[in-house]
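[1] missing the sequence, but the structure's below:
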């Protein structure tokens, strides 16, 4: 009888050790990262543009393991986004789109691979006039060139700051985390005062969310209740020194 009880106890101990071992092996690893290779500030209008995406998991190139890819593009005037057809050649994921001129665009891409999900939304402006400069205009006198730079300096300072917005939903899909990455002249914009304004599209009061800078140039607002049944407009307010501006980004669910 004692041997039977002892055997049962040993079996229980072995089962517990096995369960602990399995739990350790199932712990999450590196996050999935998606890189958009295109320079969105240099998109040429009225031409087919190939958008190129790379998937990384730590040091591993993971594009071949991407099993779902959804890319959406829209402007402020669109009621619904254009959903792009994607191709995966096992080294990168591509999609093509023809951008019109003089429009602010939003691109949202969501990828899954190895059970991990990555989603990001970016905004950028396509301006036909910027790509219509002739060789003669480029060789104008230095005086005229300087005058043009001075007259547009305020607008250019705004365009120098890029805001890349990422939305991460909680497990219960009731709250979200908004993460904005800020750069100025392609360099990380640190130590700024950043807050999100959630614009009520029905005419109600806006809600303001303060952020914390957890990493350099990465500002996070947590436990945000977004309307999951319709589009949300997020205004990113940015202040640092002489910088006082906002970037408006429309999130389409």
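    In hand now; what should we look at? These figures come from a predicted structure and were not determined experimentally.
[2] residue ranges with poor pLDDT in the stretch 151-253 of the chain?
    Within the stretch 151-253 of the chain, the ranges that satisfy pLDDT under 70 run 151-159, 172-173, 200-204, 227-231, 252-253.
[3] at 50 instead, please
    151-157 (pLDDT under 50).
[4] where along it do the helices fall?
    Assigned by DSSP state H, counting those that start in this stretch, the helices in the stretch 151-253 of the chain fall at 153-160.
[5] what's the answer for the stretch 1-150 of the chain, then?
    All helices of the stretch 1-150 of the chain, identified by DSSP H, counting those that start in this stretch, fall at 2-25, 135-138, 142-151.
[6] I'd like the mean pLDDT over the shortest one, please.
    Averaged across helix 135-138, pLDDT comes to 42.
[7] what comes up buried for stretch 37-56?
    Neighbour-count burial for stretch 37-56, counted by 16 or more other C-beta atoms under 10 Å, picks out 40, 43, 45, 49, 51, 53-56. For every residue, glycine as well, the C-beta is placed using N, CA and C.
[8] cool, and stretch 225-245?
    226, 231-232, 234, 236-238, 240, 243.
[9] and it, how far apart are its ends?
    24 Å (C-alpha to C-alpha, to the nearest Å).
[10] next one: stretch 189-198
    Start to finish, the residues bounding stretch 189-198 are 22 Å apart (C-alpha to C-alpha).
[11] which residues sit against it?
    With contact meaning C-beta atoms under 8 Å, 6 or more residues apart in numbering, stretch 189-198 is reached by 161, 178, 180, 182-183, 206-211, 213, 216-217, 219, 221, 224, 226, 232-240, 243, 246.
[12] hmm, try it at 7 Å
    For stretch 189-198, the external contacting residues (C-beta atoms under 7 Å, 6 or more residues apart in numbering) are 161, 178, 180, 182-183, 206-211, 216-217, 219, 221, 232, 234-240.
[13] grab the most central residue of this structure for me.
    In the chain, the C-alpha nearest the mean C-alpha coordinate belongs to residue 120, at 2.7 Å (C-alpha atoms, centre = their mean).
[14] tell me the contacts of the closest residue to residue 36 other than its chain neighbours?
    Take residue 36 and drop its neighbours on the chain: the residue closest to it by C-beta to C-beta, 6 or more residues apart in numbering is residue 53, 5.7 Å away. With contacts defined as C-beta under 7 Å, 6+ apart, residue 53 is in contact with 34-36, 92-93, 109.
[15] just the buried residues of the residues you listed.
    Buried subset of those (neighbour count, 16+ other C-beta under 10 Å): 34, 36, 92-93, 109.
[16] picking up where we left off before, go ahead and confirm the residue nearest to the centre of the chain touches residue 163.
    No: if you go by C-beta atoms under 7 Å, residue 120 and residue 163 don't touch, sitting 11.6 Å apart.
[17] the buried residues of stretch 225-245 in strands, which ones?
    Under the assignment DSSP state E, the buried residues of stretch 225-245 contribute 232, 234, 236-238, 240, 243 to strands.
[18] apart from its neighbours in sequence, what residue is nearest residue 88?
    Per C-beta to C-beta, 6+ apart, closest to residue 88 is residue 66, 6.0 Å.
[19] need the pLDDT of the closest residue to residue 34 other than its chain neighbours.
    Spatial nearest neighbour of residue 34, excluding adjacent residues (C-beta to C-beta, 6+ apart): residue 118 at 4.6 Å. pLDDT for residue 118: 89.
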